[in-house]
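1. Return a 3D structure for these sequence lines:
(2 chains)
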Amino acid sequence: MSNGKIVSIHSFRGGTGKSNTTANLAAQVALAGKRVGVVDTDIQSPGIHVLFGLDENKMGKTLNDFLHGKCSIREVAFNIGENAADAEGRAKLAGKDLWLFPSSIRGREISQIIREGYDVNRLNEGFQTVLKELNLDYLFIDTHPGLNEETLLSIAISDVLIIILRPDNQDLQGTAVTVDIARSLDVPHLVLMVNKAVPKYDFNDLQKQIADTFQAPVAGVLPLSFDLADNASRDLFSLRYPDHDWSKALRGVTDVVLGVR
Amino acid sequence: MSDETIISQLKKSFLFRGLPNEALIELGRKATRRGLAKDEVLMRKGDVGDSLFMISKGWFKIVTEDARGGELVINQTGPGETIGEMALLDRAPRSATAIASSEAEVLELKQDAFYEILNQRPDLALELIRSFSSRLRFSTTYIQKAIEWSQKISAGDYSFIENTLTVSRAEGTDEDKASQLLSAFFQMVRNVKDREDQLKQQVERLILQIDEARRKQEFEEITSTDFYADLKEQAKKLRAQRAAQQDQK
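-> Numbering: from 1, shown residues only, chains lettered A, B, ... in the order given. Coordinates of the predicted model:
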């Protein structure tokens, strides 16, 4: 086992910008010179690989193969630092220590794992193994929305749990339950992040309101951005447009992650 | 009308304020006396004006037309006041109609007579230019201020209304008109700011609603399984192991 930190990123509902946030956070932390892994445990609807420029042709072994005992977790690791030059933002990651552990995007393999399930303990072993073998400082886990077993596992073993929510009451309700679960599982660092905030709100006020409601720190309020939507996951937005308000707020969240001891 | 009366009356107008008394007396002598019956029109809006009137007796209403063509009184003026001094210089159409609201008497100074004096006394022309220049400077200052404030308002900065003092004056001087403009302007800004603040209050606060009963129920559904109990136990062990390992380092 290593000293590396497991940072799970979760949202109760889909569409909060979770994968985008995870990818950008991991990239920012790698850019800061840390050794970083990103695991896509959203096995039912994987997506984070797109942000790192990985498609079906480039994808080798996947997390599914590991969970079915067909390969070691180390074989799943895709080195982003060596394969990042295809887009302007990602190109900044060249030479950085960043590995992606993708989930399979083949329909058959997705339906198989949904049908048969897998041993969540093996997933945990995988996390611990890569932390140690790649000597990671941070392992980011992109979770599946909701609170299924692998998500509960990710939460349970997290050093830092970032819950992303939009400023609306449906997200708030789900976040409340997730916060309670995280406290019940003794997650050492619970952090909230508001994404897709519309400009009619006073962001400082919103940050305070949500922090007060959950009695947990809000690491950032990130604006709803047409520019981000327009980027359509083609590139890592915060690397490509570092001066954008969304990118600035994301770096604020990055600082919170890097500040956790 | 006595010389003193004429002097004090003409000096009320910014145009003549700087002229020496003997010039004002001369102007007064060139003026002709004109009597008006009640409701008689002294000058009509749109007429080409070429004279100023000093009211020596009676009252006048200054009227214009409202949108439907009706009479709209915009001012009342009486003894000691001067009407239409700008016409001496620019012969522009009268901007309003003046009607005697009682039996009245005015001294009318024609443009020709005014020019005649200026021809004889070029120093007076210079003095008139000074008066204009100071009035222009006065107006420009306020226009610049208004531009500066408008830019601040459009940027949402209303702080200047707290830091700027407005003084209200009772007389009908230029300063008075300027301070009226200022207070109207400031009142407008305050109203805009209040409305904006109210609007902000309406849209800015998200009403956070959490159904606590549902929250508790969902929490219990998730945490009551064997899987969860086992997970909690495992997580606890794992953390203890990692903490022990960190202590060793």
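
2. A:R234 reaches A:D86, doesn't it?
-> No - in this structure A:R234 lies outside contact range of A:D86 using C-beta atoms under 8 Å: 9.9 Å. Any C-beta I mention is one placed from the backbone N, CA and C, and that applies to glycine too.

3. These two - which one has more neighbours?
-> Neighbour totals were compared for A:R234 and A:D86, and A:R234 leads with 16 against 13 (other C-beta atoms under 10 Å in any protein chain shown).

4. Spell out, range by range, the strands that occur in chain A.
-> Taking DSSP state E to define them, one finds strands in chain A at A:5-10, A:36-40, A:78-79, A:98-101, A:138-142, A:160-165, A:189-197, A:218-223.

5. Save these as JSON lines, and put in mean neighbour count too.
-> Formatted as JSON lines, those follow (neighbours: other C-beta atoms under 10 Å in any protein chain shown):
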{"stretch": "strand A:5-10", "mean neighbour count": "26"}
{"stretch": "strand A:36-40", "mean neighbour count": "29"}
{"stretch": "strand A:78-79", "mean neighbour count": "16"}
{"stretch": "strand A:98-101", "mean neighbour count": "26"}
{"stretch": "strand A:138-142", "mean neighbour count": "28"}
{"stretch": "strand A:160-165", "mean neighbour count": "25"}
{"stretch": "strand A:189-197", "mean neighbour count": "23"}
{"stretch": "strand A:218-223", "mean neighbour count": "24"}
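
6. Rebuild those strands as CSV, extending it with mean pLDDT.
-> CSV is the format used below for the strands of chain A (pLDDT from 0 to 100):
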stretch, mean pLDDT
strand A:5-10, 96
strand A:36-40, 96
strand A:78-79, 94
strand A:98-101, 96
strand A:138-142, 96
strand A:160-165, 97
strand A:189-197, 95
strand A:218-223, 95
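
7. Neighbours of the closest residue to chain A within chain B, how many?
-> When distances are taken as C-beta to the nearest C-beta, chain B reaches nearest to chain A at B:A235, 3.7 Å away. By the criterion of other C-beta under 10 Å, B:A235 has 20 neighbours.

8. List the contacts of the helix or strand bottoming out on mean pLDDT in chain B.
-> The helix or strand of chain B with the lowest confidence, counting by mean pLDDT, DSSP states H and E, is helix B:160-163 at a mean of 71. Residues outside helix B:160-163 that contact it (C-beta atoms under 8 Å, 6 or more residues apart in numbering or on different chains): B:W149, B:K152, B:F186, B:V189, B:R190, B:K193.

9. pLDDT check: weakest of those?
-> pLDDT across the contacts of helix B:160-163 is lowest for B:F186, at 79.

10. And for B:R44, the neighbour number?
-> Look at B:R44: counted by other C-beta under 10 Å, it has 13 neighbours.

11. can you pull the contacts of it?
-> B:R94, B:T97.

12. quick one: low-confidence parts of chain A?
-> A:1-2 (pLDDT under 70).

13. could you show me where the helices are in it, in order?
-> Secondary structure of chain A (DSSP state H): helices at A:18-31, A:48-51, A:63-67, A:73-76, A:107-116, A:120-133, A:149-156, A:169-184, A:203-214, A:226-231, A:237-240, A:245-259.

14. Which residue ranges of chain B form helices?
-> Under DSSP H, chain B gives helices at B:3-11, B:21-30, B:87-90, B:111-120, B:122-154, B:160-163, B:174-204, B:212-223, B:226-248.

15. wait, which of the ones you listed is closest to A:T41?
-> Nearest of the helices of chain B to A:T41, taken as C-beta to C-beta: helix B:226-248 at 14.7 Å.

16. quick one: the closest one to helix A:169-184, angle?
-> Counting by axes from the mean of the first three to the mean of the last three C-alpha atoms, to 10 degrees, helix B:226-248 lies at 60 degrees to helix A:169-184.

17. How about the residues of chain B by chain A?
-> B:200, B:203-211, B:214-215, B:218-219, B:222-223, B:227-228, B:231-232, B:234-236, B:238-239, B:241-242, B:245-246, B:249 (C-beta under 8 Å from any C-beta of the partner chain).

18. Can you go through those residues and name the buried ones?
-> B:206, B:208, B:210, B:215, B:218-219, B:222-223, B:228, B:231-232, B:234-235, B:238-239, B:242 (16 or more other C-beta atoms under 10 Å in any protein chain shown).

19. which residue packs closest to the residue nearest in space to the middle of chain B, ignoring adjacent ones?
-> Most central in chain B under C-alpha atoms, centre = their mean is B:L181, positioned 2.3 Å from the mean C-alpha point. Distance criterion C-beta to C-beta, 6 or more residues apart in numbering or on different chains; nearest residue to B:L181, sequence neighbours excluded, is B:Y142 at 6.8 Å.

20. So the one you found is in contact with B:A178, correct?
-> Yes - using C-beta under 8 Å, B:Y142 is in contact with B:A178, at 5.6 Å.

21. got the contact list for B:L72?
-> Taking C-beta under 8 Å, 6+ apart as the test, what B:L72 contacts is B:V63, B:T64, B:E65, B:D66.

22. ChimeraX command for the buried members of those?
-> Selecting only the buried entries of those in ChimeraX, with 16+ other C-beta under 10 Å as the criterion:
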select /B:63
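
23. Save the contacts of B:L72 as CSV, and put in pLDDT too.
-> Formatted as CSV, those follow (pLDDT from 0 to 100):
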residue, pLDDT
B:V63, 89
B:T64, 84
B:E65, 79
B:D66, 73
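
24. Show me which of the contacts of B:L72 is closest to B:K30.
-> B:V63 (28.8 Å).

25. and the gap between that closest one and B:R94?
-> Counting by C-beta to C-beta, to the nearest Å, the separation of B:V63 from B:R94 is 11 Å.

26. And for B:V73?
-> Going from B:V73 to B:R94 by C-beta to C-beta gives 16 Å.

27. With neighbour numbers in mind, choose between these two.
-> Remark: of B:V73 and B:R94, B:R94 carries more neighbours, 18 against 12, as counted by other C-beta under 10 Å.

28. Kindly provide the distance from A:P242 to chain B.
-> A:P242 is 26 Å from chain B, where distance means C-beta to the nearest C-beta, to the nearest Å.

29. That residue - how many residues pack around it?
-> Residues near A:P242, counting by other C-beta under 10 Å: 15.

30. Equivalent analysis for B:W149, please.
-> Neighbour tally, B:W149, other C-beta under 10 Å: 19.

31. quick one on the thing from earlier: generate the PyMOL command that creates a selection of the buried members of the contacts of helix B:160-163.
-> The PyMOL selection below is limited to those of the contacts of helix B:160-163 classed as buried (16+ other C-beta under 10 Å):
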select buried, chain B and resi 149+186+189
